[in-house]
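1. Generate coordinates for the sequence data below:
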Amino acid sequence: MLPVELLRKYWGYNSFRPPQEDIITSILQGRDTMALLPTGAGKSLCYQLPALAKEGFTLVISPLIALMLDQVDRLKQMNIMASCIHAGMNYHEVKTAFDNMLYGPYKLLYVSPERLQTELFKEYLPSFDINLIAIDEAHCISQWGQDFRPDYLKIAELRPLFPAVPVLALTASATAEVQKDIEERLQLKEPAIFRQSISRKNIFYSVKYSENKPKDLREHLPPGSTNIVYCRSRKQTEVLAKQLLDHQIKAMPYHAGMPKDKRRDTQTSWMQDKDITVVATTAFGMGIDKADVRMVLHFDAPEHLEAYYQEAGRAGRDGLAAQAMLLYNATDINRLRESIAIQFPPENYLRGVYQAVVEYLQVPIGAQPDKYFSFDLADFCKKFGFELIPASYALKLLAREGLWTISEAVFHPASIQFTTDRHNLDHIVATHPDMGYLVTGLLRLYGTIFHYPTTVRLSGLAAQLKIKKEVLDQALRQLHKMEVLEYNQPAEGPQLYFHHYRVDSRHLIIDMKRIAILRKQHEARTNALIAYLQNGSICRERLLKQYFDEEDTGDCGHCDICRQGNSPQNDADLANNLIRKIKEAGSISILQLTGQYPEKEGTIAILRKLADEGVLIIDENNLVALAY
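-> Okay, here's the model as predicted:
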């Protein structure tokens, strides 16, 4: 099938967005390819479609577990077989997934980067029929980028094993320095490079200094539309969502600390509802294809422009007018300046955190445990007397040193394995009737439970045994204490994976010279963000283009800086945009229309002017329609 035929069959589109077709053609020609595409430009299609066009399957490497799971689910709904390997899976689940890739009709395998170094992956790798290696978030390979992950440096080791397989590197944003780093570290051979402008003509960027953020938030949220409000803290998402509800604005909080079911319900409501605001921490929206977001509002200043651009880019993916607003005040500026010292603590603090981690996880000197540890940061800090924020940055910095990988929060179902012999089990059944029913039931239902940790869904098991889930959990804990079985309770949270043999913290090698360079780069990124916030004269889009080393093509004409001049040319552009939207809608209320533009009063003035000129009709209910 031709690429356009596959596009029509599986995605239901008749044509590609530029430059998707050129990228796909490059891959199908066997060329290494780098694609720098803004958020919402359809990066995933650039590797999903070639996977279908060629024999074998595509290996997709991504650090974003939630995004991988979401894409696999969506592909399955499209009748495209895909699988995902991540930190939330045990050995036998991973082995089954690899067997499926070998013998089943699977076309895509998503893998988190640390999985590439496991013995099981290396064992299967030579047998895999890989047709493309796609690296998502490719900027993570650059040690000078803000999201560097040492695991990414190992990706190039795949090249000698698959010399004829093309590599696709994808990222939403990269400076010239980071782009060069990606090319060198992935060993891309004369790559075809596709860079789409970061310009989003339909997004109106604005920044507002605010002494009363909750009030400004309420005043600027467009009514009757889908919006995202980003906050820095979990608690704040819940407080703000409640405040919005109290003012009759439909809103829901979202953060990683919420129960999985509640997060899923929020996400479902947000996807289906046309009139809802989600107040969330910054991971929300990543990998979720919601096209009609009318506003992304940052209640707090983000850490750097890379993060801001990616998050703001979740607005207006349908091509219609959308707003990206950022509220800030003196507290934000002070926090950003103080973050430099907090994010790069002294060497003795780093050694202290390392020592606390190995004690917390009970890793002896000389050991390199080949397993994922559940890591509760709040509990860790409480036990060892660390402040939460400095400790979290120290953990990230030590991860950049290659000591461990800390994954995002994932759900880990319960697993059970018997650790005693049959004779002892028979004795327990005979002498502990309150436990015997459970032992007998486990043996009957799970044939592998003697051989390896077996994943168990507690609610389903409780229903089969006709007992309450709480009673089952208590009984399993008791059998665990009796050393009859190994019971790993279900959990949801980050995972920590060791990459080195544990040493005494006094002998730990930390490259403080490199950390000093990183600190200077972080300081430069922080200063660039502060300059963006405090800027009052240069077009917002021009500043973003300068930051990402993109050619300056002049003012955008519709950000808050460009609009403050209120030039005739800007008014003409806005008038044309309004006419197009009214034509598409047939008729639309003034309230709904003005809610989609950053300058409400200016928009109303232009509507009145168009009505006076006989272009529009505004009725007694404030509904607007074209006069012709």
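2. Straight-line length of stretch 39-49, end to end?
-> In stretch 39-49, first residue to last residue: 19 Å (Cα to Cα, to the nearest Å).
3. go on, stretch 529-544?
-> Across stretch 529-544, the terminal residues are separated by 10 Å (Cα to Cα).
4. Average pLDDT for it, rounded please.
-> The pLDDT scores in stretch 529-544 average 94.
5. Need the contact partners of that stretch.
-> 198-199, 205-207, 301-305, 308-309, 326, 328, 332-333, 336-337, 547, 552, 554-556, 559-562 (Cβ atoms under 8 Å, 6 or more residues apart in numbering). Where you see a C-beta, it was placed from the backbone N, CA and C, and this is true even at glycine.
6. Ok, stretch 243-262 next?
-> Contacts for stretch 243-262 (Cβ under 8 Å, 6+ apart): 214, 217-218, 221, 229, 234, 237-238, 240-241, 263, 266-267, 269-270, 273, 275-281, 283-284, 408-409, 411, 492.
7. Report the buried members of these.
-> The neighbour count (16 or more other Cβ atoms under 10 Å) marks 217-218, 221, 229, 234, 237-238, 240-241, 263, 266-267, 270, 276-281, 283-284, 408-409, 492 as buried among the contacts of stretch 243-262.
8. if we can go back for a sec, buried members of the contacts of stretch 529-544 into ChimeraX, please.
-> Here is the ChimeraX command that selects the buried residues among those (16+ other Cβ under 10 Å):
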select :198,205,206,207,301,302,303,304,305,308,309,326,328,332,333,336,547,555,556,559,560,561,562
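9. Please determine how far residue 472 is located from residue 461.
-> According to Cβ to Cβ, to the nearest Å, residue 472 stands 6 Å off from residue 461.
10. which element is residue 317 on?
-> Counting by DSSP states H and E, there is no helix or strand that carries residue 317.
11. so how far is residue 302 from it?
-> Where residue 302 is concerned, residue 317 sits at a distance of 19 Å (Cβ to Cβ).
12. Does residue 487 fall in a helix, a strand, or a coil region?
-> Secondary structure assignment for residue 487 (DSSP: H, G, I helix; E, B strand; the rest coil): strand.
13. Could you check the pLDDT of residue 565?
-> Looking at residue 565, the pLDDT reads 59.
14. Just list the residues touching the residue nearest to residue 452 when sequence neighbours are not counted, thanks.
-> Using Cβ to Cβ, 6 or more residues apart in numbering and skipping the chain neighbours, the partner closest in space to residue 452 is residue 92 (5.5 Å). Counting by Cβ under 8 Å, 6+ apart, residue 92 touches 448, 452-454.
15. for this protein, what's the longest helix?
-> helix 512-534 (DSSP state H).
16. Could I get the buried residue list for that one?
-> Neighbour-count burial for helix 512-534 [16+ other Cβ under 10 Å]: 515, 518-519, 522, 525-526, 528-530, 532-533.
17. Which helix or strand lies directly C-terminal to the least confident helix or strand in the chain by mean pLDDT?
-> Using mean pLDDT, DSSP states H and E, strand 410-412 stands out as the lowest-scoring helix or strand of the chain, at a mean of 66. Next in sequence after strand 410-412, counting helices and strands by DSSP H and E, comes strand 414-418.
18. tell me the angle of the following helix or strand past that following strand relative to strand 414-418?
-> Counting by DSSP H and E, the element after strand 414-418 in chain order, helix or strand, is helix 422-431. If you take axes from the mean of the first three to the mean of the last three Cα atoms, to 10 degrees, helix 422-431 sits at 110 degrees to strand 414-418.
19. can you confirm residue 386 is in a helix?
-> No: applying three-state DSSP, one finds residue 386 to be coil, outside a helix.
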